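Novice: mind folding the following:
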Amino acid sequence: MAALLCYRFGQPSRLIYRLCPDARPDGRKSFSWTDYRDLIQTAHHLLGGPIALVWDNVNTHLTAGMRRCTADREWLTVIQLPPYAPHFNTLEKACGPCCGAPARRTGPSPTPDDVITAIRRGLHQLQYGQ
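Specialist: Okay, here's the model as predicted:
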């Protein structure tokens with residue numbers, strides 16, 4: 001999952017997220033830098049203004065392609081977190097409980113569909129404060 005917690009003065013916060021696609025032609029099981037690029041572009045479109053992006057040090061965030069992409073967007077400012085700083089990463093605090101819930105279930109092992117359903121349900125609750 002990739003997610004952006006979006007804050008704008010005087011407005012409610014927003015959570016914009018994407019789940020990793022199931023089937024990829026290259027066999028990759030995680031987000032590529034182009035997936036992050038597309039998420040940032042979507043956020044810019046939805047929010048309609050400049051973005052200050054606070055990023056952790058996931059290797060995909062640090063690729064040459066991602067650096068070129070972020071440098072080319074005048075409406076985007078990237079702030080890189082220190083190498084290990086979970087206390088600064090609000091997304092870890094917000095999404096941790098809902099994304100860890102499928103792993104804490106009792107009973108039979110959840111299927112991938114069960115996990116995705118639980119994550120979507122938790123993210124929906126985060127998004128709409130339910």
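Novice: double-check that residue 117 belongs to a strand.
Specialist: No. Under DSSP: H, G, I helix; E, B strand; the rest coil, residue 117 sits outside any strand and is assigned helix.
Novice: could you report the pLDDT at it?
Specialist: As predicted, residue 117 sits at a pLDDT of 73.
Novice: poorly predicted segments of the chain, please.
Specialist: For the chain, applying pLDDT under 70 flags the ranges 21-24, 84-112, 115-116, 119, 123-130.
Novice: which stretches of it form helices?
Specialist: Counting by DSSP state H, the chain has these helices, from start to end: 33-47, 64-71, 90-100, 112-128.
Novice: residues contacting residue 120?
Specialist: Residues in contact with residue 120 (Cβ atoms under 8 Å, 6 or more residues apart in numbering) are residue 19. The way it works is simple: take the backbone N, C-alpha and C, and place the C-beta from them, glycine included.
Novice: start to end distance for stretch 55-65?
Specialist: End-to-end distance for stretch 55-65: 16 Å, by Cα to Cα, to the nearest Å.
Novice: what does that stretch contact?
Specialist: Here stretch 55-65 makes contact (Cβ under 8 Å, 6+ apart) with 30-34, 36, 66, 78-81, 83, 85, 89.
Novice: same thing but at 6 Å, please
Specialist: For stretch 55-65, contacts defined as Cβ atoms under 6 Å, 6 or more residues apart in numbering pick out 33, 80-81, 83, 89.
Novice: format the residues you listed as TSV; extra columns: distance to residue 118 and neighbour count.
Specialist: Listed next are these as TSV, based on distance: Cβ to Cβ, whole Å; neighbours: other Cβ atoms under 10 Å:
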residue	distance to residue 118	neighbour count
33	27	19
80	31	13
81	28	15
83	31	7
89	22	16
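Novice: tell me the one of those residues nearest residue 11?
Specialist: Taking Cβ to Cβ as the measure, residue 11 lies nearest residue 89 of the contacts of stretch 55-65, at 21.8 Å.
Novice: now stretch 35-48: buried residues?
Specialist: Residues of stretch 35-48 classed as buried: 35-37, 39-40, 43, 47 (neighbour count, 16 or more other Cβ atoms under 10 Å).
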